[in-house]
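>>> below are the sequence and a predicted model for it; my questions follow.
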Number of protein chains: 2
Amino acid sequence: MRASRFLFATLRETPNDAEVISHQLMLRAGMIRKLASGLYTWLPMGVRVLNKVEAIVREEMNRSGSLEVFMPVTQPAGLWEESGRYVQYGPELLRFKDRHTNDFVLGPTHEEVITDLARNELKSYKQLPINFYQIQTKFRDEIRPRFGVMRSREFIMKDAYSFHADQASLQETYDVMYETYCRIFSRLGLNFRPVQADTGSIGGSGSHEFHVLASSGEDDIAFSTDSDYAANVEMAEAVLVGERAAPAQELKTVDTPDQKTIADVSAFLNSDPAHSVKALLVQGVADEKGQIPVVALFLRGDHELNEIKAEKHPLIAAPLTFATEAQISEYNLTPGFCGPQGLVEKGIAVIVDRAASVLSDFVAGANETDKHATGVNWERDAQFTEVYDLRNVVEGDPSPDGQGTILIKRGIEVGHIFQLGKKYSEALGCKVLGDDGKPLVVTMGCYGIGVTRVVASAIEQNFDDKGIIWPSAIAPFEVAIVPMNAQKSPRTLEAAEALYAELQAKGYDVLLDDRNERPGVKFSDLELTGIPHRIVIGEKGLDAGTFEYKGRRDEESVNLSKDELLAKIAK
Amino acid sequence: MRASRFLFATLRETPNDAEVISHQLMLRAGMIRKLASGLYTWLPMGVRVLNKVEAIVREEMNRSGSLEVFMPVTQPAGLWEESGRYVQYGPELLRFKDRHTNDFVLGPTHEEVITDLARNELKSYKQLPINFYQIQTKFRDEIRPRFGVMRSREFIMKDAYSFHADQASLQETYDVMYETYCRIFSRLGLNFRPVQADTGSIGGSGSHEFHVLASSGEDDIAFSTDSDYAANVEMAEAVLVGERAAPAQELKTVDTPDQKTIADVSAFLNSDPAHSVKALLVQGVADEKGQIPVVALFLRGDHELNEIKAEKHPLIAAPLTFATEAQISEYNLTPGFCGPQGLVEKGIAVIVDRAASVLSDFVAGANETDKHATGVNWERDAQFTEVYDLRNVVEGDPSPDGQGTILIKRGIEVGHIFQLGKKYSEALGCKVLGDDGKPLVVTMGCYGIGVTRVVASAIEQNFDDKGIIWPSAIAPFEVAIVPMNAQKSPRTLEAAEALYAELQAKGYDVLLDDRNERPGVKFSDLELTGIPHRIVIGEKGLDAGTFEYKGRRDEESVNLSKDELLAKIAK
């Protein structure tokens, strides 16, 4: 591509309304422009990246045996009523009527449509397993679209849906998709982690998110220093470490006037928050009479409750709800100064986090206003109902797989694979004839990649103060050639043209910067737009038979012979 | 692709609701399925064709220098208000409100969005000409969607928009797009014609439609037997042929009781309709006082009025409107028996079609009920105001370019290139700085290809009673290999696998039909789905060292050596 015939829509200023770096750089590099809130036009510079991402995704999905389909963006509301999501989905589901006043939605996802297709087309277990995918425009009417294409209303997804006769077959395809996703994100040149994820309200049994690691990510990922273990922080198990030492101190009650927080109390008592416990009083599951008991959770003072874990305990009501004042006063408890002493005796279930359960001689509330207890010991001073994993992991915790310790980094979710089970197939009646001749409700999996989001996340992971630093596989151009003083020196332009033709013939995606601009402007543009390799053709180099080369991450340029140059840019 | 891992969703029965052959065969070949009225899911068999069409379109658009962009499907209504089309477009424009009750439309086309982009991004004439294209989903809320993807509500378009400093530059890009479209449709393997088209109400000065010739087409295309002249029938000029002979007969008035039509009168008088004229009384342009005169048009009895041509005459009101009874009675005319005699004298403009103007001794109405005149001659018996091209061409007319004669065939419009001029750039204020330093309203062109429609039109042009006959370039698979008796004979399966690997390595798109089905079922499926080359591997052939080959258009299969086989399928 000749730059003079391309749209270089670069901006020197950082646009005011762009909060995150990828949004800023995509605007500045002339990749996207905002049409309306959450709606972006992709300019030629952006489309080149998008097409490369799509091509890699398509190639790997085809290699996995998934079959490409293409479903409409507009979907009849009736299917969403069948699945129950027409009501459940909320205002992110854009609903409209056509000219005949029939109800439709703009598809935010395609479970209903593909399940409808499958129930019509699949007749026998012999046609299973089968996995369909598409690369297609989706619409989610976000209340507050932001971060450019990272959270836009219209976006491109690769979504896939698989159909199975049983769970074992689903697991097999799920594993294939897991490997396929690893190949896709590796080929895209991204530093990513597959992480165990919560299956949430959608149900189903297995789920992994694929996160691009970037400090701007919205999710906390816990992963091992020594193994490939990784999980969303809320999913990572906090394993039990160490054993409880025998009591060494006497139980004492001390005055702690006006000391409200764990930090206050610890400083006041000159103790470590890690040697204290804090109480959380929550609602238990109602008994047969509808009475809601209070359940007391105890964590180490420096740890945080993990609500998802707590909700999984059979005694605790989900969603997690704090006990009301009325409930607390019924048991004559002292909020803010609640310790475990005597609670079990009052008929309160006491659930202790694993880390808190191995403390001895610890600080706790004294169940009296403005008083704490020191030298508290489990069993001697305070009984408990059960030890349970209640907290978020923190850095330095042992990895649950027994290898290494936990590190926590931020990630951007770019992919998600999910064992749907029979949620949609049951709702829509998607059955095939089983090998026993009886109708069989199929088991489903779904697999998504946010194609437009991948582009933004690649930038969040790869940039510096000059602009984007593209992984070669998805750079809009792999190599840029800049002839110096080209308006006056036909010699440099001729040499640039010759190299341009040679590199194109070798299969490189080359930009010849033949614009009538100062070298400084060209260099800034090429850095801002993140082209991996820059070759400058000048008079001196031509005399010396060398090329001035600079990789996008290099500090300085170097003069290279043709062979050295070709070796540098070799894929 | 192994057929056992593919979705062969072929149907034996022709679906009831499919009227045209492409719709029937796309359903039967398992290419598409209906989701709702005018909404289709593309199955794997269809997507393979669609992707090949898209790839050819993209390659040729890139080659032409057009830059790919990607605009949202959802568009803010405000832009459509600026262009005036929010009101003009009618109910095919789907309008909706988002969750914040802002008005949006689902884009049926993108002139507004691209013009908005251009007015923001283009600053100087130096950035022109520039041509943007996208391949993208469109939505038109057709009142009665039909013919499958031929007239669906959601469809894929390649739409391009070019921007220019002047008309000469637009013409240059227009010519490049004309050549590009010819290359695209040639590469797709279609028998097509670029035809001159009317620019209609959208305005602008130059327009060609690209039609795939097929008997099921909705448009009549006039084209030359000897040159590449082609035009929509309503656009083709009917040139003047021959000279008027001197009068030979006397003017007579004859009784023609109850003879209403030209055919009736001609039969009654034993004359040729081509030797009669018929009158059409229409409304003229109102004078200063608002009076609407009657204008009399005369055509040969066997010819048809072309309304578009008539409307272009400065004396005739547009849109063409027939004179009212009141207007006719004002001039004391006799509808049904109106001849040209004496009309000019009554102050009526008489406009005569070229072909009617060279008649002599012809039949016309006698301006009396139930009477006709014979031996009528222009000038001697009847005056006229002007000779004008008023009629549709018919087969056998000379081609307007002077080469050959006119043939008329039916065509399916699959592409359209159009000189928009300043319609949108003026409405939206899309200006750049001109070379004189003054703001310049840009000149625009637009260029569309109905990508999904191309697929259907290729079928309308290429099918037989067994199914589709794909042009190789867009066939879902180029070659199918069928091992005979594969469940029992590992030998045929092995040979099939070897050939499958070999042809794939050579770059062919191959289907290995390893399904556990009878050969008859496989052969029917392969014919129905239109695979160009079929190779059967049987025991006998293996013994003889030959392959049983059948091209999709062949009547019989032939046994070929490997070299002969490779030559047959060579691209």
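Everything's here; your move.
>>> nearest spatial neighbour of residue A:180, chain-adjacent residues omitted?
residue A:64 (4.3 Å; Cβ to Cβ, 6 or more residues apart in numbering or on different chains). C-beta: built from backbone N, CA, C; applies to glycine.
>>> what sits against that neighbour?
Residue A:64 makes contact with A:131, A:176, A:177, A:179, A:180 under the criterion Cβ atoms under 8 Å, 6 or more residues apart in numbering or on different chains.
>>> so residue A:345: helix, strand or coil?
Following DSSP: H, G, I helix; E, B strand; the rest coil, residue A:345 is assigned to helix.
>>> wait, it touches residue A:384, no?
No - with contacts defined as Cβ atoms under 8 Å, residue A:345 does not count as touching residue A:384, sitting 11.7 Å away.
>>> comparing these two, which residue is more hemmed in?
The residue with the greater number of neighbours, taking residue A:345 and residue A:384 and applying other Cβ atoms under 10 Å in any protein chain shown, is residue A:384; the counts read 19 against 9.
>>> residue contacts, that one?
With contacts defined as Cβ under 8 Å, 6+ apart, residue A:384 is in contact with A:298, A:340, A:344, A:350, A:351, A:352, A:357, A:378.
>>> what pLDDT does the model give the residue of the stretch 151-300 of chain A found nearest chain B?
The shortest separation between the stretch 151-300 of chain A and chain B is 4.8 Å, found at residue A:154 (distances taken as Cβ to the nearest Cβ). Looking at residue A:154, its pLDDT reads 97.
>>> surely it is in contact with residue A:38?
Yes - proximity of residue A:154 to residue A:38 meets the contact threshold set by Cβ under 8 Å, at 7.1 Å.
>>> was I right to think residue A:146 contacts residue A:17?
No - distance between residue A:146 and residue A:17: 9.0 Å, which falls outside the contact criterion (Cβ under 8 Å).
>>> so for the closest residue to residue A:96 other than its chain neighbours, what's the pLDDT?
By the measure of Cβ to Cβ, 6+ apart, the closest residue to residue A:96 outside its immediate chain neighbours is residue B:96, 3.8 Å from it. The model reports residue B:96 with a pLDDT of 96.
>>> please apply the same query to residue A:127.
Reported pLDDT at residue A:127 in the predicted model: 95.
>>> tell me the pLDDT at the residue lying closest to it once chain neighbours are set aside?
Closest residue to residue A:127 in three dimensions, ignoring its sequence neighbours and counting by Cβ to Cβ, 6+ apart: residue A:432, at 6.9 Å. Reported pLDDT at residue A:432 in the predicted model: 98.
>>> longest strand anywhere in chain A?
Determined from DSSP state E, the single longest strand within chain A is strand A:406-421.
>>> dump it to PDB, restricted to CA.
C-alpha atoms of strand A:406-421 as PDB (Å, rounded to 0.1, in the frame of the first residue of the first chain):
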ATOM      1  CA  ILE A 406      -0.400 -17.100  43.700                       C
ATOM      2  CA  LEU A 407       0.300 -13.900  41.800                       C
ATOM      3  CA  ILE A 408      -2.600 -11.600  40.900                       C
ATOM      4  CA  LYS A 409      -2.700  -9.600  37.700                       C
ATOM      5  CA  ARG A 410      -5.400  -7.700  35.800                       C
ATOM      6  CA  GLY A 411      -6.900  -9.200  32.700                       C
ATOM      7  CA  ILE A 412      -9.200  -8.300  29.900                       C
ATOM      8  CA  GLU A 413     -11.700 -11.000  29.000                       C
ATOM      9  CA  VAL A 414     -11.500 -11.600  25.300                       C
ATOM     10  CA  GLY A 415     -12.900 -15.200  25.100                       C
ATOM     11  CA  HIS A 416     -15.200 -17.500  27.100                       C
ATOM     12  CA  ILE A 417     -15.900 -21.100  26.700                       C
ATOM     13  CA  PHE A 418     -18.900 -22.500  28.500                       C
ATOM     14  CA  GLN A 419     -20.600 -25.800  29.100                       C
ATOM     15  CA  LEU A 420     -24.300 -24.800  28.700                       C
ATOM     16  CA  GLY A 421     -25.600 -28.200  29.400                       C
END
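>>> that'll do, ta.
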